[in-house]
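Visitor: Here you go, sequence then predicted model.
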Amino acid sequence: TESTLYIGNDGGAYAVNLSTLGITSLNTMINVGQIQGIGPLPPSGSKLIAGFQDNGTQIFSGTPGWSFAETGDGGFALFDQQDPNYAYHTFASSGGSPNISMSTTGGISWSSDTPSTNLLNALTGAGDRGATFYPPLASDPGTAHRVLFAAQFVYASTDGMVTWTQQSTSDLTSGTCASTFCEAGDVEFSPVDHTKAWAVAMNDSGVGFEISNTTQATSNSGATWTNQTANFNSAAGASANVNSQITGVTPDPFNASTAYVTISGFKASTGVSHVFKTINFGSNWSDVTGDLPDIPVLRLLVDNQDATGKTLLAATDIGVFRSTNGGTNWVQISPSTASGTLPSVPVFDIEQSGSGVIYIGTHGRGAYKLTVTAPTVTPTATATKTATATATGGTPTPTKTATATATATRTATATATGGTPTATKTATPTATATATRTATATATRTATATATATGGTPTPTATATATATPTPTATPTPEPDKLRFKPK
């Protein structure tokens, strides 16, 4: 007689002892979590909260293994940007009724009944059609305990999601939207100016997605959100919002007027590219898809460790791609099929802590951590020509300055060491540096001959030559990037 029953479900694999009915988890060494949203602890990223489809909201504290915060369908999950003792998440919404939860203990204990009831009352009072299945949240980067929630309209809480007010009467959705499936799918504050925020509402059955933004994000009522969809269609193509699906909006961490939107689908079918950028708060858009493969892009991250704003990471249906030149060229991170590397899997969310730690939430293979160390360049000495001359009269030619310029080129390829799911994968890209400076110049001046009356013979003064002496120039030595992945 068999004594053990094995069960497989959307929570993993388990063994049941038929004699004692004891259940043993068999999930220690497999990564199969379906993550919807992921949020690192600010500013360090040493702790992580994530919403798992059908497997609750869980917390990772730095060592392998997750602890359950709450059960149910986990959605958006994040810590308060000013007070990380506060944490927030959404459940899957049934019939448009939003279910949310908040913690004041860093995720140890949670409260959902009162926050959810108060939010539903706010939506009902506004005549809102209801929230999408995984409704979005955003924590105010400038004010503790202040949160935005988006559905057909935007709502604000100033007490950590306990009570809610309608923040705006501006409809975020298409005028022909008639269901909760075309409500807001993402809402984001600008990280550098919390008066500005963005929201995107989804395309459902061809009604068209919508892109909106506001300069009144700090208002708790009466704010105006402006529809920027027509401007987007001018760049992406007529009816682009009807022919494709938007997946998210990403405000730039350095410039409050710059933002990106990501598009799903396949351009071969929709005619719409996958990554678009605005540098003037939505008035104009440009296609920065570059040579990214024609695959659905689900989220985008602008690396906050690259002050140029040109390092982008695109979360796609087949993994993560990275660009270091603003989207012109992309390289897949861990494209290898070797055991232990980041697999070709849909990446539903990608987030970064203030200290630069990047977390990736996949739909089917759990969570990964990506650490990128930017190259450092040794100080560059400036060559200065110093003229020294002894002569009567005249003015030396002005000195010239030559400056050495370093250019670092970084190539990243992740390689796994070991084959278990907990292996650490370390990539060592190469970096090259070139130094250029202007040629050495010699400044020459000639003194004017001066005639003296003695004996009637003119006595010319000597000609003086100023010799320029450049100071030594240091050679830049960049360190290569370091990328490490750790499946949890």
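Guide: Cool, got the structure. Please read all numbers here as calculations on a predicted model, not as lab measurements.
Visitor: make it CA atoms for all contacts and neighbour counts henceforth
Guide: OK.
Visitor: Which residue would you name as the spatial centre of this structure?
Guide: Closest residue to the average C-alpha location of the chain: L301 at 2.1 Å, with C-alpha atoms, centre = their mean.
Visitor: Give me the pLDDT value at it.
Guide: We have a pLDDT of 98 for L301.
Visitor: Report the contact partners of it.
Guide: T250, L312, L313, A314, I350, E351, Q352 (C-alpha atoms under 8 Å, 6 or more residues apart in numbering).
Visitor: Could you report the separation of S46 from S244?
Guide: 37 Å (C-alpha to C-alpha, to the nearest Å).
Visitor: So between the two, which is more surrounded?
Guide: Neighbour totals were compared for S46 and S244, and S244 leads with 25 against 15 (other C-alpha atoms under 10 Å).
Visitor: Would you mind measuring from the more buried one to V207?
Guide: Counting by C-alpha to C-alpha - S244 and V207 are separated by 11 Å.
Visitor: what's the answer for Y86, then?
Guide: 37 Å.
Visitor: same thing with S334?
Guide: From S334 over to V207 (counting by C-alpha to C-alpha), the distance is 37 Å.
Visitor: again, but for L313
Guide: 29 Å.
Visitor: Counting neighbours around each, name which of these two comes out higher.
Guide: L313 (24 against 18).
Visitor: And that one, how far from F76?
Guide: 20 Å.
Visitor: do Q82 as well
Guide: Q82 is 18 Å from F76, by C-alpha to C-alpha.
Visitor: the more surrounded of the two?
Guide: Taking other C-alpha under 10 Å, Q82 and F76 do not tie; F76 has more neighbours (27 against 17).
Visitor: Tell me, please, where in the chain the pLDDT is lower than the cut-off.
Guide: When residues are selected by pLDDT under 70, those of the chain lie in 1, 335-340, 371-488.
Visitor: Could you give the number of residues near the nearest residue to P253 once chain neighbours are set aside?
Guide: Leaving out its chain neighbours, the residue that sits closest to P253 by C-alpha to C-alpha, 6 or more residues apart in numbering is P191, at 5.4 Å. As a burial measure, P191 scores 20 neighbours (other C-alpha under 10 Å).
Visitor: can I assume P191 sits in a helix?
Guide: No - with DSSP: H, G, I helix; E, B strand; the rest coil as the criterion, P191 is assigned coil and is not in a helix.
Visitor: so what's it up against?
Guide: P191 sits next to P141, P251, D252, P253, F254, A256 when contact means C-alpha under 8 Å, 6+ apart.
Visitor: if you go through the stretch 1-150 of the chain in chain order, where are the helices?
Guide: 113-126 (DSSP state H, counting those that start in this stretch).
Visitor: same check, this time on the stretch 151-300 of the chain
Guide: Using DSSP H, counting those that start in this stretch, helices in the stretch 151-300 of the chain cover 229-236, 240-243, 267-270.
Visitor: from the chain's centre, how far out does the first one sit?
Guide: The chain centroid and the centroid of helix 229-236 are separated by 23 Å, computed with C-alpha atoms, centre = their mean, to the nearest Å.
Visitor: Go ahead and confirm A92 touches F76.
Guide: No - when contacts are counted by C-alpha atoms under 8 Å, A92 is not listed as touching F76 (9.3 Å).
Visitor: Overlap of the contact sets of these two?
Guide: Common neighbours of A92 and F76, using C-alpha under 8 Å, 6+ apart, are Y134, P135.
Visitor: ok, T158 - how many residues close by?
Guide: T158 - counted by other C-alpha under 10 Å - has 17 other residues nearby.
Visitor: how much space is there between it and G56?
Guide: Taken as C-alpha to C-alpha, the span from T158 to G56 is 26 Å.
Visitor: cool, G175 as well?
Guide: For G175, the distance to G56 - C-alpha to C-alpha - is 34 Å.
Visitor: more neighbours, the two?
Guide: Taking neighbours as other C-alpha under 10 Å, G175 and G56 compare with G56 leading, 20 against 10.
Visitor: so that one makes contact with G72?
Guide: Yes - counting by C-alpha under 8 Å, G56 touches G72, with 4.5 Å between them.
Visitor: So P296 is in contact with S269, correct?
Guide: No - using C-alpha under 8 Å, P296 makes no contact with S269, being 11.7 Å away.
Visitor: So which of these two has more stuff around it?
Guide: P296 (24 against 9).
Visitor: What is the burial count for the residue nearest to the more buried one when sequence neighbours are not counted?
Guide: Leaving aside its sequence neighbours, P296 sits nearest to S264 (C-alpha to C-alpha, 6+ apart; 4.0 Å). Residues near S264, counting by other C-alpha under 10 Å, number 23.
Visitor: Now do the contacts for S264.
Guide: Counted by C-alpha under 8 Å, 6+ apart, S264 has contacts S244, Q245, I246, T247, H274, I295, P296, V297, L298.
Visitor: again, but for N27
Guide: If a contact means C-alpha under 8 Å, 6+ apart, then N27 has G12, A13, Y14 as its contacts.
Visitor: switch to 10 Å and redo it
Guide: G11, G12, A13, Y14, G65 (C-alpha atoms under 10 Å, 6 or more residues apart in numbering).
Visitor: For it, what are phi and psi?
Guide: phi -100, psi 10 (degrees, to the nearest 10).
Visitor: any idea how far it is from W110?
Guide: Distance from N27 to W110, by C-alpha to C-alpha: 26 Å.
Visitor: go on, T24?
Guide: 27 Å.
Visitor: out of these two, which sits in the busier spot?
Guide: Remark: of T24 and W110, W110 carries more neighbours, 18 against 12, as counted by other C-alpha under 10 Å.
Visitor: Excluding sequence neighbours, find me the nearest residue to that one.
Guide: Nearest residue to W110, sequence neighbours excluded (C-alpha to C-alpha, 6+ apart): S103, at 4.6 Å.
Visitor: Can you spell out which residues form a bridge with that neighbour?
Guide: According to DSSP bridges, the partner residues bridging S103 are A87.
Visitor: How about the contacts made by it?
Guide: Contacts of S103 by C-alpha under 10 Å, 6+ apart are 69, 79-80, 84-89, 109-112, 160-161.
Visitor: what's the farthest-apart pair in those?
Guide: Across the contacts of S103, the longest distance by C-alpha to C-alpha is 18.1 Å; it joins P84 and S112.
Visitor: Quick check: the gap between the nearest residue to D73 once chain neighbours are set aside and F348.
Guide: Spatially, and ignoring its direct neighbours in sequence, D73 is nearest to D54 (4.4 Å; C-alpha to C-alpha, 6+ apart). Taking C-alpha to C-alpha as the measure, D54 falls 15 Å from F348.
Visitor: and the two? which has more neighbours close in?
Guide: Using other C-alpha under 10 Å, the more surrounded residue of D54 and F348 is F348, with 23 against 18.
Visitor: The more buried one sits in which helix or strand?
Guide: Using DSSP states H and E, F348 sits within strand 347-352.
Visitor: quick one, what contacts T117?
Guide: S97, P98, N99, I100, L123, V162, T163, W164.
Visitor: quick one: which of those is most hemmed in?
Guide: That'd be I100 among the contacts of T117, by other C-alpha under 10 Å, with 29 neighbours.
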